[in-house]
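1. no sequence on this one, just coordinates:
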């Protein structure tokens, strides 16, 4: 296992960081979060075409760059640091991973190049009203109809579902339950019977939608294999990527509050000279560095196809989500009154921390899953 | 280091060991040979029992010692800190009087720094060294002194100038522990062990030739010792390893290590024994409790991420990169791990956490964990001091205004305790 980034990876990080900083100052984040789409098409084009980020972990055969998950981790960490608004996580990570893990060769050839180029945006529709990201809770049905399938039901909390050109849907054969009868399907964003409703999210930098399927035609991904396993692998990829995104955001918050503590004067001293403040900052640094270790280790394990990757994905998701929330809470606290105002930027990261904590299941779920996986190993 | 040099050193040490190593030699006799040859401390200067080689060659040399089974110099305990300090700061007369017997293990040393009134604030020492003609007379009290009850010599930090500012009024001495004016008492800890001592001085003597460095420079010398201590802390567990081979010299070495390591026997427990958590949770059936599952997961995740963080720091160091913040965080992280582990051991143990010794879980090991963990966040720099260091040196935050400037005489101090 490698415990440091290579020089090439460090240079790559610098490129992505510069891009994110230039394109995503908080003024821009604030502008985009008020728009319906929630991102800038020109910036997205730059991410896909100029930097090749959308296809970073996609094999070259499908137009991608063929890099591993360590590089993906670097990208999302930088996007998380600057809160850059884009369909990267929903389309390039979740939906692309689902296709990579589940689709046939012909389907990959058909679907991936347009996602890699950024011409199309995809989303993964998995969770439903119960708000769980797992196979057992799926109720939406896919019934065979000629060569294809017909979908009926409702998906919720769909990341970038409001803009997706391609919808990857997890559904089950009517009459099945648990892990039985699960399949992944691809639906055109303009399909008749598909209705979308953008949801009012507390994290306005990350748009979610509710998707209703009423007799919607779909093609099955994965007509040969085990879709439940593909979904698990996709969710592991998502958890690892989200963990890396979160440590970027947590670091941004820490940097911001330490800087503030150095200039804010009270009682004739900068508040950063009070141990009550600096000890909190020291603990925050420890929290963020431990979280980074978890996120980096999981990304490295995914890149190396470590057999423990599912447990490590859960470890990373639980650890980073708790650390990000603690950092966000303390950042607002140490800023004092101004930290609670709309005009101050801290709440943007606080809300991202909250949405990241819950998205793809919360820390308690991932701790339970970690223990269950350890038991299975024993 | 070039491959050629490395091979050359390897061949040299191998040839020397093959010619000289004999497991039937006495321990001291063998270490005398090591001192003469320079292979015992190859990174020390040739003039002082070394060979002037870069530290980077030590692993190669250690490997050759291990291969043939040769015993090294007396590395364990405070002795090596004392040796490193004297090598850096003492004069030639002192080096020639003390260094060799440190390496052979003939002399045991102790470190007389901490006092009841100065723990975190080590420079606030009030043990006094007063002039009596050419000699120094020592009065006061030290505490947390490992090995004081059998040490021949002590490294003493004492105040020689009460009008100078705090850090500038201290001097550093080599103290002969074998005098009636020194009383050593064991200090019983909350976990029942007595690994340390209290040391009382009533007109103890130090001859003028045992002042290290100059009068008033004691703080800088003590910092040298502490720097070596921090560097060596990781190696403590390795030091405790001894060969199980038969032979006279191994018997003698085992006896030496057993004596030195005796005070540290509960140290694994103070770190929380995370390794016992999973087997205990399975064995007791407590793993089926949802609360236990959550807490065990939190602990295992914390413990693993702390280990990875240390590995990130090491990786950066090995690549010659500037150490990132992860390097300063290990001690604070280990406090969190230890506390979380004690909490989880309690949760798993339930009512068994009420009992110790043979009545307690794992023959008292769990009780020893619960009663030893509080030491982790205090010994070797409290968590509060670690947070100061992290916030000031890593995060570059402002220092707390100080109240201890000016002549030390006028600085507010703790009342001296009656014995």
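-> In hand now; what should we look at? In this text, all values refer to a predicted model and were calculated from it rather than measured experimentally.

2. and residue B:88, what does it touch?
-> Neighbour list for residue B:88: residue B:224 [criterion: CB atoms under 8 Å, 6 or more residues apart in numbering or on different chains]. For glycine as for every other residue, the C-beta is placed from the backbone atoms N, C-alpha and C.

3. sorry, wrong one. I was asking about residue B:51.
-> Listed by CB under 8 Å, 6+ apart, the contact partners of residue B:51 are B:38, B:39, B:42, B:43, B:44.

4. let's go with 7 Å and repeat that
-> B:38, B:42 (CB atoms under 7 Å, 6 or more residues apart in numbering or on different chains).

5. tell me the residue furthest from the middle of chain B?
-> Most distant residue from the mean C-alpha position of chain B: residue B:288, 41.1 Å away (CA atoms, centre = their mean).

6. please report how far that one lies from chain A.
-> Going from residue B:288 to chain A by CB to the nearest CB, to the nearest Å gives 10 Å.

7. what of residue B:124?
-> 18 Å.

8. burial check on that residue, number of neighbours?
-> Residue B:124 sits with 20 neighbouring residues when counted by other CB atoms under 10 Å in any protein chain shown.

9. relative to residue B:408, how far out is it?
-> 8 Å (CB to CB, to the nearest Å).

10. all helices of the stretch 51-200 of chain A, in order?
-> Taking DSSP state H, counting those that start in this stretch as the criterion, the stretch 51-200 of chain A carries its helices at A:69-82, A:96-102, A:105-116.

11. can you list contacts of the second one?
-> This points to helix A:96-102. By CB under 7 Å, 6+ apart, helix A:96-102 touches A:58, A:108, A:111-112, A:115, A:122, A:124, A:168, A:184, A:221-222, A:227, A:230, A:233-234, A:237-238.

12. circling back: need the residues touching each of residue B:124 and residue B:408.
-> Counting by CB under 7 Å, 6+ apart, the residues touching both residue B:124 and residue B:408 are residue B:166.

13. next to chain A in this structure, residues from the stretch 151-300 of chain B, please.
-> The stretch 151-300 of chain B comes close to chain A at residues B:293, B:294, B:296, B:297, B:298, as judged by CB under 7 Å from any CB of the partner chain.

14. next, the buried residues of the top helix by length along chain A.
-> Ranked by residue count, the top helix of chain A under DSSP state H comes out as helix A:227-263. Neighbour-count burial for helix A:227-263, counted by 16 or more other CB atoms under 10 Å in any protein chain shown, picks out A:227-228, A:230-254, A:256-258, A:260-261.

15. can you narrow these to ones near chain B?
-> Counting by CB under 7 Å from any CB, A:258, A:261 from the buried residues of helix A:227-263 sit close to chain B.

16. tell me where the model's unsure across the stretch 251-400 of chain B.
-> B:323-324, B:326-327 (pLDDT under 70).

17. mind listing the helices for it?
-> Using DSSP H, counting those that start in this stretch, the helices of the stretch 251-400 of chain B run over B:267-270, B:277-283, B:290-318, B:330-349, B:365-372, B:383-389.

18. kindly report the same for the stretch 51-200 of chain B.
-> Under DSSP H, counting those that start in this stretch, the stretch 51-200 of chain B gives helices at B:58-68, B:78-89, B:92-104.

19. tell me the most buried of the ones you listed?
-> helix B:78-89 (a mean of 22; mean count of other CB atoms under 10 Å in any protein chain shown).

20. domains for chain A, by residue range?
-> Taking automatic domain parsing as the domain assignment, the ranges for chain A are A:7-89+A:98-116, A:122-226, A:228-377.

21. now the last one: how far from the chain's centre is it?
-> In this view, domain A:228-377 has its centroid 13 Å away from the chain centroid, taken as CA atoms, centre = their mean, to the nearest Å.

22. quick check: most distant residue from the centroid of chain A.
-> Largest centre distance within chain A, by CA atoms, centre = their mean: residue A:268, 43.7 Å.

23. got a pLDDT number for that residue?
-> If you check residue A:268, the pLDDT there is 95.

24. residue ranges in chain A under the pLDDT threshold?
-> Ranges of chain A meeting pLDDT under 70: A:223-225.

25. for it, which residues are neighbours of chain B?
-> Residues of chain A lying near chain B (CB under 7 Å from any CB): A:3-4, A:258, A:261-262, A:270, A:272-273, A:275, A:278-279, A:281-283, A:285-286, A:289-290, A:293-294, A:297, A:315, A:318-319, A:364, A:367-368, A:370-371.
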